[in-house]
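A.B. asks: requesting a structural model of the entry that follows:
(one chain, ligands or ions: 2)
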Amino acid sequence: TQLRGVLEGMPKAELHIHIEGSLEPELIFALAARNNVALPYASVEDLRAAYAFTDLQSFLDIYYAGASVLLHEQDFYDMTAAYLKRAEQDNVRHTEIFFDPQTHTARGVPVKDVIDGIHRACQDSPVSATLILSFLRHLSEEDAFAVLEEALPYRDKYIGIGLDSSERGNPPEKFARVFARCKELGFRLVAHAGEEGPPAYIETALDVLKVERIDHGVRCLEDPALVERLAREQMALTVCPLSNVKLCVFPEMAQHNLLELLDAGVKVTINSDDPAYFGGYMNDNFIATFEALPLGLSHAQRLARNGFEAAFLPEAQKQQLL
Ligand code: ES4
Ligand code: ZN
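C.D. replies: Numbering: from 1, shown residues only. Ligands and ions are numbered 1, 2, ... in the order given. All right, here's what the predicted structure looks like:
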């Protein structure tokens with residue numbers, strides 16, 4: 001249809017993408033061979049067949065296994081360069097990329113190699129790209145402080161701090177002190193909240209961690225007062241439609257609450273989350289959402305505009321990208 005062409009051609013900003021979630025099975029196998037890493041899967045097809053998730057944890061187990069092939073600076077460069085090439089094809093003009101250093105330091109990879117490889121690929125791409133260091137919330141706050149300390153010598157290479165991994169049982173307030181420190185240091189702050197966790201986690205991400213965007217946040221609709229607040233404060237939600245369906249947050253795309261959120265005046269953006277695992281990149285997410293829900297041209301323009309408005313970029317730079 002005509003709308004499809006508009007969705008594909010629009011300049012877009014992507015605000016929620018885990019770079020380790022952009023590792024395609026083919027690249028996982030190529031890096032495993034290059035680095036002599038053994039994988040518990042016989043082939044690309046065997047690995048892809050394991051991508052049948054029932055919830056967030058069932059995905060994370062496979063996502064961390066996939067990331068085990070990343071050992072050297074060049075591996076991080078190659079992964080990031082491949083993602084940025086796909087983003088460029090989807091007319092993504094700006095992207096804010098999460099990376100999970102603790103996934104790699106646990107395997108003995110120096111934080112410097114992680115950051116240098118990802119950052120070098122960003123510099124070599126025509127897509128505007130910035131980085132957000134994300135803490136793993138299933139680990140302790142002490143561990144988060146330790147990786148922050150290790151990453152601070154390279155602080156000119158990332159602009160923000162995030163919080164991801166297993167949400168249930170790991171509320172934002174577990175990281176109150178380390179987020180306060182990151183705020184003092186001048187980082188932009190975001191956190192995953194209200195993906196699988198309750199609306200109360202969205203409130204503590206805002207009130208305790210002082211985040212400036214909520215990643216996912218779709219469960220806010222269970223609390224009408226919270227929805228009203230998010231709309232009033234024009235707090236951006238980085239919604240990831242294909243992710244939500246793959247991880248069974250919604251049984252199918254037709255049941256996704258993105259339109260209800262938009263109608264409530266919430267500043268919704270569309271993002272790919274872990275595109276290699278969830279069935280697609282930015283344009284796939286836009287197309288799947290627009291095919292399943294009664295959305296039109298004005299929604300498309302609003303969603304794309306929201307992405308740029310919610311980006312951590314100076315106003316003048318945003319204008320240049322449009
Ligand atoms: C993630 Cl979808 C999702 N949720 C929480 N943490 C994550 N890390 C990578 N993808
Ligand atoms: Zn995410």
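A.B. asks: what bridges to the nearest residue to C240 once chain neighbours are set aside?
C.D. replies: With sequence-adjacent residues excluded and distances taken as C-beta to C-beta, 6 or more residues apart in numbering, C240 is closest to D273, at 3.6 Å. (Glycine included, C-beta is placed from N, CA and C.) Note on D273: beta-bridge partners by DSSP bridges are I17.
A.B. asks: is it true that D273 touches S22?
C.D. replies: No. Taking contacts as C-beta atoms under 8 Å, D273 lies outside contact range of S22: 9.8 Å.
A.B. asks: the more surrounded of those two?
C.D. replies: When neighbours are counted by other C-beta atoms under 10 Å, D273 comes out ahead of the other of D273 and S22, with 29 against 23.
A.B. asks: which stretches in the stretch 1-150 of the chain count as helices?
C.D. replies: 2-9, 25-35, 44-49, 56-67, 73-89, 101-105, 111-123, 141-151 (DSSP state H, counting those that start in this stretch).
A.B. asks: mean confidence for the second one?
C.D. replies: Spelled out, it's helix 25-35. For helix 25-35, mean pLDDT is 98.
A.B. asks: can you check the longest one too?
C.D. replies: Looking at helix 73-89 alone, the average pLDDT works out to 98.
A.B. asks: next, the angle helix 25-35 makes with it.
C.D. replies: 160 degrees (axes from the mean of the first three to the mean of the last three C-alpha atoms, to 10 degrees).
A.B. asks: and what of the fourth one?
C.D. replies: Relative orientation of helix 56-67 with respect to helix 25-35: 40 degrees, computed using the same axes, to 10 degrees.
A.B. asks: tell me what helix 56-67 is packed against?
C.D. replies: Packing contacts for helix 56-67, counted by 3 or more C-beta pairs under 8 Å, 6 or more residues apart in numbering; DSSP states H and E, involve helix 101-105, helix 275-278.
A.B. asks: who's in contact with the first one?
C.D. replies: Counting contacts by C-beta atoms under 8 Å, 6 or more residues apart in numbering, the residues outside helix 101-105 that touch it are 20, 64, 67, 70, 111, 114-115, 133, 135-136, 139, 143-144, 147, 150-151.
A.B. asks: which residues does the residue of the stretch 151-300 of the chain at minimum distance from ligand 1 bridge with?
C.D. replies: The minimum distance from the stretch 151-300 of the chain to ligand 1, using C-beta to the nearest ligand atom, falls at D164 (3.5 Å). In this entry, D164 is beta-bridged to L136, by DSSP bridges.
A.B. asks: need the contact list for it.
C.D. replies: Contacts of D164 (C-beta under 8 Å, 6+ apart): 18, 98, 100, 134-137, 192, 215.
A.B. asks: dump those into JSON lines; add pLDDT as well.
C.D. replies: Shown next, in JSON lines, are the contacts of D164 (pLDDT from 0 to 100):
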{"residue": "H18", "pLDDT": "98"}
{"residue": "F98", "pLDDT": "99"}
{"residue": "D100", "pLDDT": "98"}
{"residue": "S134", "pLDDT": "99"}
{"residue": "F135", "pLDDT": "98"}
{"residue": "L136", "pLDDT": "98"}
{"residue": "R137", "pLDDT": "98"}
{"residue": "H192", "pLDDT": "98"}
{"residue": "D215", "pLDDT": "99"}
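A.B. asks: verify the stated contact: V92 with G9.
C.D. replies: No. Counting by C-beta under 8 Å, V92 stays clear of G9, with 11.9 Å between them.
A.B. asks: between those two, who's got more neighbours?
C.D. replies: Taking other C-beta under 10 Å, V92 and G9 do not tie; V92 has more neighbours (26 against 11).
A.B. asks: any idea how far the more buried one is from ligand 1?
C.D. replies: 18 Å (C-beta to the nearest ligand atom, to the nearest Å).
A.B. asks: kindly report the same for T105.
C.D. replies: When T105 is compared with ligand 1 (using C-beta to the nearest ligand atom), they lie 16 Å apart.
A.B. asks: try F308
C.D. replies: For F308, the distance to ligand 1 - C-beta to the nearest ligand atom - is 23 Å.
A.B. asks: show me what from this structure comes close to ligand 1.
C.D. replies: 18, 21, 56, 63, 164-165, 192, 195, 243, 273-274 (C-beta under 6 Å from any ligand atom).
A.B. asks: re earlier: show me what contacts the residue nearest to C240?
C.D. replies: 16-18, 21, 240, 242-243.
A.B. asks: just the buried subset of those residues, please.
C.D. replies: 16-18, 21, 240, 242-243 (16 or more other C-beta atoms under 10 Å).
A.B. asks: circling back: which of the helices and strands packed on helix 56-67 sits most buried?
C.D. replies: Of the helices and strands packed on helix 56-67, the one with the most neighbours on average (mean count of other C-beta atoms under 10 Å) is helix 275-278, at a mean of 25.
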